[in-house]
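[1] Structure here, sequence nowhere to be found:
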Ligand SMILES: NC(=O)c1ccc[n+]([C@@H]2O[C@H](COP(=O)([O-])OP(=O)(O)OC[C@H]3O[C@@H](n4cnc5c(N)ncnc54)[C@H](O)[C@@H]3O)[C@@H](O)[C@H]2O)c1
């Protein structure tokens with residue numbers, strides 16, 4: 001099977017690419033290449049690679065592929081801050097355009113990297129049927145994409161919506177702007193596990209390897225198992241309060257202590273998610289838990305991330321990196337590369 005993988009140079013994409021190649025999928029990678037590979041020197045390369053903006057993909061780019069794994073996009077809430085219209089354009093409009101092109105040329109499966117942030121602020125434990133409450137431009141772009149993608153479903157074209165939990169763990173292109181990775185980086189470089197909110201918000205967590213495995217599982221599934229379906233990706237045991245995450249990190253990292261920067265600041269994103277459906281319908285079970293993930297990150301970073309300079313480097317922080325590219329004039333205001 002030939003897979004068109006967008007975002008193959010990113011935090012999750014690099015891990016998924018490696019798994020796809022190990023499973024003998026043929027892969028065409030497509031990525032604009034905003035962020036340098038930040039953590040590992042060795043680079044895994046797909047059989048074909050398009051350095052291209054997803055806004056410009058043509059049918060010719062897609063010919064011969066059987067499935068799309070769509071991960072490219074502006075990948076977190078704060079990036080919506082640069083320009084919410086761009087988040088809409090890149091994450092939503094381009095997703096639908098790509099799906100329509102794929103359908104027109106007979107690609108059979110479109111696996112979309114959505115997010116549990118679609119649930120936004122919710123007191124109850126949410127399932128795939130729960131009311132959505134996206135709080136940010138990023139989360140709205142995911143919800144809008146899902147709603148349009150599912151309409152494209154027919155017997156020949158199977159969109160699959162994966163609502164991934166917040167990811168942690170080591171990847172060749174590491175991000176330190178995600179909660180678990182961030183708090184570990186903060187602990188190692190400053191001795192403080194610094195929370196920017198009161199820590200009471202709930203977050204479902206997912207190891208990067210498990211997220212990649214969910215995509216592989218959906219590629220291998222029969223059409224009926226996945227066509228037009230929404231799946232929360234994670235595990236019921238992976239729901240944690242931010243303060244709990246911090247406590248686990250404090251136990252693991254010597255001489256670290258929790259610092260709550262602003263006790264009055266409540267995070268407006270808090271959700272606890274039920275993950276039964278993906279287990280019951282696809283037999284998908286995560287392999288990692290938070291304790292093992294913290295150990296993995298700690299072991300990989302403890303000799304590298306000892307300075308604040310290293311931890312704060314823009315290569316690990318998506319919003320910071322894009323702002324730097326803008327300031328340097330490498331990309332235009334529309335986030336396209338110059339030339
Ligand atoms: N990391 C998480 O916690 C998480 C959770 C839920 C969902 N997701 C989703 O999974 C996907 C991957 O996340 P990630 O953490 O690997 O993000 P990432 O930022 O590390 O990777 C995204 C990749 O997309 C590329 N990209 C961005 N805009 C592009 C464009 N216009 N054209 C072509 N390429 C472009 C970037 O260069 C980057 O390599 C994203 O869609 C994200 O929203 C991530």
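    Nice, thanks for sending it over. None of these values were measured; they are calculated from a predicted model. Numbers count the residues shown, from 1 in each chain.
[2] Stretch 300-315 vs the ligand: in contact?
    No - against the ligand, stretch 300-315 shows no contacts by Cβ under 6 Å from any ligand atom, the least distance being 10.9 Å. To be clear about C-beta, it is placed using only N, CA and C from the backbone, and glycine gets the same treatment.
[3] quick one: terminal-to-terminal distance for that stretch?
    Chord length of stretch 300-315, first to last residue, is 17 Å (Cα to Cα, to the nearest Å).
[4] burial count for the residue of the stretch 1-150 of the chain found nearest the ligand?
    The stretch 1-150 of the chain approaches the ligand most closely through residue 10 (2.1 Å), counting by Cβ to the nearest ligand atom. Each residue near residue 10 was counted by other Cβ atoms under 10 Å, and the total is 26.
[5] What of the one 4 residues further on?
    The number of residues packed around residue 14, counting by other Cβ under 10 Å, is 24.
[6] Helix, strand, or coil at the nearest residue to it once chain neighbours are set aside?
    Nearest residue to residue 14, sequence neighbours excluded (Cβ to Cβ, 6 or more residues apart in numbering): residue 172, at 4.4 Å. Classification of residue 172 using DSSP: H, G, I helix; E, B strand; the rest coil returns coil.
[7] Could you say which helix or strand holds residue 60?
    helix 59-62 (DSSP states H and E).
[8] hmm, that helix in reach of the ligand?
    No - remark: helix 59-62 sits outside contact range of the ligand, by Cβ under 6 Å from any ligand atom, the gap being at least 11.5 Å.
[9] average model confidence for the helix or strand hosting residue 96?
    According to DSSP H and E, residue 96 maps onto helix 94-104. The predicted model gives helix 94-104 an average pLDDT of 98.
[10] So what are the sheet partners of the helix or strand following that helix and their directions?
    Next in sequence after helix 94-104, counting helices and strands by DSSP H and E, comes strand 109-115. Paired with strand 109-115 in the same sheet, following DSSP bridges, are strand 67-70 (parallel), strand 158-164 (parallel).
[11] JSON lines for these, including mean neighbour count, mean pLDDT and distance to residue 328?
    Shown next, in JSON lines, are the strands paired with strand 109-115 (neighbours: other Cβ atoms under 10 Å; pLDDT from 0 to 100; distance: least, Cβ to Cβ, whole Å):
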{"stretch": "strand 67-70", "mean neighbour count": "26", "mean pLDDT": "98", "distance to residue 328": "28"}
{"stretch": "strand 158-164", "mean neighbour count": "26", "mean pLDDT": "98", "distance to residue 328": "31"}
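[12] Adding distance to the ligand as columns, could you present those in JSON lines?
    Converted to JSON lines, the strands paired with strand 109-115 look like this (distance: least, Cβ to the nearest ligand atom, whole Å):
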{"stretch": "strand 67-70", "distance to the ligand": "7"}
{"stretch": "strand 158-164", "distance to the ligand": "4"}
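[13] can you redo these as TSV with distance to residue 44?
    Shown next, in TSV, are the strands paired with strand 109-115 (distance: least, Cβ to Cβ, whole Å):
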stretch	distance to residue 44
strand 67-70	15
strand 158-164	21
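[14] which stretch among these comes nearest residue 50?
    With Cβ to Cβ as the measure, strand 67-70 is the member of those nearest residue 50 (12.9 Å).
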